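1. this one's sequence-less:
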Ligand SMILES: Nc1ncnc2c1ncn2[C@@H]1O[C@H](COP(=O)(O)OP(=O)(O)OP(=O)(O)O)[C@@H](O)[C@H]1O
Ligand SMILES: Cc1ncc(CO)c(N)n1
């Protein structure tokens, strides 16, 4: 069985973070492992508290996994602060991780900062250059590039600037743009566009985490990046279409593995 590791924050309501990642891995038939960077007290209405794990403990969790088990792909989500980013960057190098999907989580849908403001530069210098793929949403791409994004052309420009920071590939997600849900993938030469109809639902908690971990799962299964992104786009679109009306706020994506045709057991 293929094995994927998520390095991310815990979401107590189960819609985003570590919990969304592990559900996605399972739904796609990949064995999931986790390194927790921070614990959030969170529900569909907001984030009530954040407690960061010490960088030493983050490093120990990563060592515990890599020194025992082969890891086919890694997904990185909430990284919270400079010291945690630094240790993750060092470990990716030490274990020569080739397939790392870095989701540049910054702010929750409810507006809570999941990355300290002063950590942006460390993210750019220590983590983004080690990524196989970086998956910023529109807001994150704006913060990383310092440019406003309003059109597909702006997304392409942002992808170029982020690619120059050193990752192998960049996927700028258009979930927050008007019209169709179009994401722009860039490999340094060519742009590929992933487009699906926008689903009109208030329940989009965990969309970014679900998408990035689906890509990591497909990479673990051996798909090349373009196939992994296309298949994950189908997965996230169905997960949003079937999103659950749970809680009083923004409900979570649904991991409907029973409908996924290629699930390997
Ligand atoms: N309403 C929607 N209908 C269809 N697809 C959507 C919708 N919202 C987001 N997507 C798609 O979901 C994927 C995740 O993108 P999104 O921009 O929502 O990530 P995100 O903002 O990082 O999520 P999060 O807030 O969980 O961090 C992308 O492929 C995007 O195009
Ligand atoms: C722990 C966690 N990671 C990522 C997100 C996505 O915004 C969230 N809401 N919570």
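-> Cool, the structure landed. Keep in mind the model is a prediction, meaning the values are calculated, not measured. Ligands and ions are numbered 1, 2, ... in the order given.
2. quick one, what contacts the residue of the stretch 51-200 of the chain found nearest ligand 1?
-> With Cβ to the nearest ligand atom, the shortest gap between the stretch 51-200 of the chain and ligand 1 falls at residue 175, namely 2.4 Å. Where you see a C-beta, it was placed from the backbone N, CA and C, and this is true even at glycine. By Cβ atoms under 8 Å, 6 or more residues apart in numbering, the residues touching residue 175 are 137, 138, 181, 183, 204, 207, 208.
3. how does it look with 10 Å?
-> Listed by Cβ atoms under 10 Å, 6 or more residues apart in numbering, the contact set of residue 175 reads 137, 138, 181, 182, 183, 198, 204, 207, 208, 211, 236, 240.
4. In terms of helices and strands, where is the last one?
-> Assigned by DSSP states H and E, residue 240 belongs to helix 225-241.
5. That helix near ligand 1 anywhere?
-> Yes: counting by Cβ under 6 Å from any ligand atom, ligand 1 has neighbours in helix 225-241: 233, 236, 237, 240.
6. Identify the farthest-apart pair in the residues you listed.
-> Greatest spatial distance among those (Cβ to Cβ): 233 and 240, at 10.8 Å.
7. Which neighbours do these two have in common?
-> What both residue 233 and residue 240 touch, as defined by Cβ under 10 Å, 6+ apart, is the set 181, 196, 211.
8. Redo those as CSV? Include distance to residue 166, secondary structure and pLDDT.
-> Listed next are the shared contacts of residue 233 and residue 240 as CSV, based on distance: Cβ to Cβ, whole Å; DSSP: H, G, I helix; E, B strand; the rest coil; pLDDT from 0 to 100:
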residue, distance to residue 166, secondary structure, pLDDT
181, 27, strand, 95
196, 29, strand, 94
211, 22, helix, 98
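9. Is stretch 39-56 in proximity to ligand 1?
-> No: counting by Cβ under 6 Å from any ligand atom, ligand 1 is not contacted by stretch 39-56; separation bottoms out at 11.7 Å.
10. Kindly check the end-to-end length of that stretch for me.
-> 16 Å (Cα to Cα, to the nearest Å).
11. Local confidence estimate at residue 262?
-> Listed pLDDT for residue 262 reads 56.
12. Residue of the stretch 101-250 of the chain closest to ligand 2, please.
-> Ligand 2 sits closest to residue 108 of the stretch 101-250 of the chain, with a gap of 3.8 Å, by Cβ to the nearest ligand atom.
13. Contact partners for that residue?
-> Neighbouring residues of residue 108 by Cβ under 10 Å, 6+ apart: 9, 11, 16-17, 40, 42, 46-47, 50, 78, 114, 205, 208, 250.
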